[in-house]
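[1] predicted model and sequence below, questions to follow.
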Amino acid sequence: MDLELRKYYADRAKEYDRVYHLPDRQADLRALEQWLPQQFVGARLLEIACGTGYWTDFLAPVVDSLVGVDASAETLAVAQAKVKSPNVRFVVGDAYDIPFAPGTFDAAFAGFWFSHVPRQRQQEFLEGLNLALEPGSRVVLLDNFFAEVKSSPIVETDSHGNTFQARKLENGAVHRVLKNFPDETALRGLVEGLGHDVAYHRFGYYWILEYRRNDP
């Protein structure tokens, strides 16, 4: 995570979960809260960019173990206060340099992280994630679509095609935040060669891409 994005999430940590209170998202969120844990029953799960632990709280009861990694100590402090399950631990770490030996986990989940990965680093991130997993491990990426009315407007596009939003926090600070909105074709293309049994799901405001890690 770059320094600008890390600073944004550190500043936003205590107010982050309010994004899950938006009235028009509630039906989608209830569906996701039911669907997601079913994918990881009994897993040794790696959660990338676990943030404040919103999804960790739903996953902890069904997994064998869960390690949540995030670059922001501030958001992890919120997660640690929220999730008390003995099979969960949180680690400050870099999503591009996952601090675990190859094959440590048999499943991975990243919620609302992939949209913050620069286009020029998307393949690097996925390849690094695969290294931490056993062959055949399930990978689930969850993120949101751009909603013209509800989303922060796109204020900049760089030479790589990355898009940026201006996001205002309660203290009045405005942050320039990288936020990409890949479509299904782009996502499937990125995991070609890395995974099989690829599936794409739509949940109104949200998308999911899942696959099984290929053998090396």
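    Looks like it came in fine.
[2] put the alpha carbons of the strand ranked longest in the chain into PDB.
    When the chain is parsed with DSSP state E, its longest strand is strand 133-144. C-alpha atoms of strand 133-144 as PDB (Å, rounded to 0.1, in the frame of the first residue of the first chain):
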ATOM      1  CA  LEU A 133      -1.300 -20.600  -1.000                       C
ATOM      2  CA  GLU A 134      -1.400 -24.300  -1.600                       C
ATOM      3  CA  PRO A 135      -2.300 -25.500  -5.100                       C
ATOM      4  CA  GLY A 136      -6.100 -25.700  -5.400                       C
ATOM      5  CA  SER A 137      -6.700 -23.000  -2.800                       C
ATOM      6  CA  ARG A 138      -9.800 -20.900  -3.200                       C
ATOM      7  CA  VAL A 139      -9.300 -17.200  -3.800                       C
ATOM      8  CA  VAL A 140     -12.200 -14.700  -3.500                       C
ATOM      9  CA  LEU A 141     -11.900 -11.000  -4.400                       C
ATOM     10  CA  LEU A 142     -14.800  -8.700  -3.400                       C
ATOM     11  CA  ASP A 143     -15.200  -5.100  -4.500                       C
ATOM     12  CA  ASN A 144     -17.700  -2.500  -5.600                       C
END
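[3] counting neighbours, which bits of it end up buried?
    For strand 133-144, the neighbour count (16 or more other Cβ atoms under 10 Å) marks 133, 137, 138, 139, 140, 141, 142, 143, 144 as buried. Where C-beta positions appear, they are placed from N, C-alpha and C, glycine not excepted.
[4] distance check, the residue nearest to residue 131 when sequence neighbours are not counted against residue 210.
    Of all residues not flanking residue 131 in the chain, residue 102 sits nearest, at 5.1 Å (Cβ to Cβ, 6 or more residues apart in numbering). Computed as Cβ to Cβ, to the nearest Å, the residue 102 to residue 210 distance reads 21 Å.
[5] show me what the worst-scoring helix or strand of the chain on mean pLDDT is packed up against.
    When each helix and strand of the chain is scored by mean pLDDT, DSSP states H and E, helix 3-12 comes last, with a mean of 72. On a contact count with 3 or more Cβ pairs under 8 Å, 6 or more residues apart in numbering; DSSP states H and E, helix 3-12 meets helix 73-82, strand 174-178.
[6] not counting its own residues, what contacts the next helix-or-strand element following the longest one?
    Yep, that's helix 73-82 we're talking about. Next helix or strand after helix 73-82 toward the C-terminus (DSSP states H and E): strand 88-92. Applying Cβ atoms under 8 Å, 6 or more residues apart in numbering, the contact partners of strand 88-92 are 50, 53, 56, 60, 65-73, 76, 79-80, 99.
[7] same question for the longest helix that the chain contains, mean pLDDT?
    Looking across the chain with DSSP state H, the single longest helix is helix 26-38. In this model, helix 26-38 has an average pLDDT of 97.
[8] no further questions, thank you.
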